[in-house]
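*Asks:* Pasting the sequence and the predicted model now:
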Amino acid sequence: MSRTLLPPALTAAALVAAFATAPAKAADFTQAPGSTLVFATSYDGETFTGKFGGFDTKVSFDPMRPDLGTLEVTIRLAGTATGNNDRDTTLVGADFFNVAKYAQGTYSAKGFKPLGGNRYSTDGTLTLRGVSKPVTFTFLWTGGATPVLTGKATVKRLAFGVGDGDWKDTDTLPDAVAISTKVLLKPAN
């Protein structure tokens, strides 16, 4: 019975190739220009939308290991705009965002749960007005060289003290506020 021996260099290369199958590494991304973060609610039954003064997003994502994903968002509250000057002044004032004391909000999440069809959810922590509470965020991940994260969440404003005083009346201003975002991403440096 004859045995064919491989040259030592080929044997070493084959072993390295066989054992060097490292798990895929998560890619890190930052927000690119053209991204949006908006909210929708109603006042006295009339729906209105608005956008925050700005936001910055960092994402770490590996589609093979979504459970290791991370999402960090910083939201600038000054400059929040709805197209109505009186409402905009009220929103940044002491009864709502109180930007003089709390200039920004944050959302932080670790671990994404697959929902099928490139859709995921994550249970993160939203901090507004110095109050931190859990908020579930669902999103669609569109991969490629410049990925896009399109997502939504519902925030209960009163849990964060947003809308003090007369604004606590949920018949006039609902507690639930719909948040939606479309984040264009680029590789992190």
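*Replies:* Looks like it came in fine.
*Asks:* what comes into contact with stretch 150-158?
*Replies:* Contacts of stretch 150-158 from elsewhere in the structure, counted by CB atoms under 8 Å, 6 or more residues apart in numbering, are 39, 126, 133, 135-140, 142, 163, 168, 170, 175-183. (Each C-beta comes from the backbone N, C-alpha and C, glycine too.)
*Asks:* Mind checking the pLDDT average for that stretch?
*Replies:* For stretch 150-158, mean pLDDT rounds to 98.
*Asks:* what's the distance between that stretch and the middle of its chain?
*Replies:* With CA atoms, centre = their mean, to the nearest Å as the basis, stretch 150-158 stands 11 Å off its chain's centre.
*Asks:* Next: stretch 150-166.
*Replies:* When C-alpha coordinates are averaged (CA atoms, centre = their mean), stretch 150-166 and its chain have centres 16 Å apart.
*Asks:* pretty sure Lys182 belongs to a strand, no?
*Replies:* Yes: secondary structure of Lys182, determined by DSSP: H, G, I helix; E, B strand; the rest coil: located in a strand.
*Asks:* Tell me where this structure has helices.
*Replies:* Defined through DSSP state H, the helices belonging to the chain, from first to last, are 8-19, 85-92.
*Asks:* if you average pLDDT over the shortest one, what comes out?
*Replies:* Here the mean pLDDT over helix 85-92 is 95, rounded to a whole number.
*Asks:* name the helices or strands packed onto that helix?
*Replies:* Packing partners of helix 85-92 (3 or more CB pairs under 8 Å, 6 or more residues apart in numbering; DSSP states H and E): strand 46-51.
*Asks:* The strand it packs on packs against which elements?
*Replies:* strand 36-43, helix 85-92.
*Asks:* looking at those, which is buried most?
*Replies:* Burial among those, expressed as mean neighbours by mean count of other CB atoms under 10 Å, is greatest for strand 36-43, which shows a mean of 16.
*Asks:* pull the CA atoms of it into PDB?
*Replies:* Written as PDB, here are the backbone C-alpha positions of strand 36-43 (Å, rounded to 0.1, in the frame of the first residue of the first chain):
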ATOM      1  CA  THR A  36     -33.100  61.700   9.000                       C
ATOM      2  CA  LEU A  37     -34.600  61.400  12.500                       C
ATOM      3  CA  VAL A  38     -38.200  62.500  12.900                       C
ATOM      4  CA  PHE A  39     -41.100  62.200  15.200                       C
ATOM      5  CA  ALA A  40     -44.900  62.300  14.800                       C
ATOM      6  CA  THR A  41     -47.700  62.900  17.300                       C
ATOM      7  CA  SER A  42     -50.800  65.000  17.500                       C
ATOM      8  CA  TYR A  43     -52.200  68.100  19.300                       C
END
